[in-house]
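Colleague: here's a sequence, model it:
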Amino acid sequence: MDSANDNEPRLVSLNDACAMTSMSRSMLNKYRAEGRFAAAVPLGDRRIAFVRSEVQQWITDRIAARAA
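Modeller: Take a look at the predicted model:
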């Protein structure tokens, strides 16, 4: 893989986002509905994904908020 591809957005599945955040699907969906989580990218009629960097930023923000 060349370095130019490293700057391209990467998508992660709902299950991967749950694993990354240690949240259940129901909690993650609740946070999405409340606008407290990254917006989903629709991939099809019943399939969504998330931009990996946005999920990682959400995690970073949660970590930073504990010090406040």
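Colleague: does residue 63 count as helix, strand or coil?
Modeller: Secondary structure, DSSP: H, G, I helix; E, B strand; the rest coil: residue 63 is helix.
Colleague: what about it, how many neighbours?
Modeller: Counted with other CB atoms under 10 Å, residues neighbouring residue 63 total 9. To be clear about C-beta, it is placed using only N, CA and C from the backbone, and glycine gets the same treatment.
Colleague: which strand or helix spans the residue nearest the centre of the chain?
Modeller: Nearest to the mean C-alpha position of the chain, by CA atoms, centre = their mean, lies residue 55 at 3.1 Å. Under the criterion of DSSP states H and E, residue 55 resides in helix 52-67.
Colleague: could you do residue 42 as well?
Modeller: Per DSSP H and E: strand 41-44 holds residue 42.
Colleague: kindly export stretch 49-60 (C-alpha atoms) in CSV.
Modeller: This file holds the C-alpha atoms of stretch 49-60, laid out as CSV (Å, rounded to 0.1, in the frame of the first residue of the first chain):
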residue,chain,number,x,y,z
ALA,A,49,-20.6,2.3,8.3
PHE,A,50,-18.6,5.0,10.0
VAL,A,51,-15.6,7.0,9.0
ARG,A,52,-12.8,5.5,11.1
SER,A,53,-11.1,8.8,11.8
GLU,A,54,-14.4,10.2,13.2
VAL,A,55,-14.8,7.2,15.5
GLN,A,56,-11.2,7.6,16.6
GLN,A,57,-11.8,11.3,17.2
TRP,A,58,-14.8,10.5,19.3
ILE,A,59,-12.7,8.2,21.4
THR,A,60,-10.0,10.8,21.8
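Colleague: counting by contacts, list what the helix holding residue 55 packs against.
Modeller: With contacts taken as 3 or more CB pairs under 8 Å, 6 or more residues apart in numbering; DSSP states H and E, helix 52-67 sits against strand 11-13, helix 14-21.
Colleague: average pLDDT for that helix?
Modeller: Averaging pLDDT along helix 52-67 gives 95.
Colleague: ok, residue 11 to residue 54 distance?
Modeller: Between residue 11 and residue 54 the distance is 10 Å, computed by CB to CB, to the nearest Å.
Colleague: okay, now the unreliable bits of this structure?
Modeller: Counting by pLDDT under 70, the chain contains low-confidence ranges at 1-5, 68.
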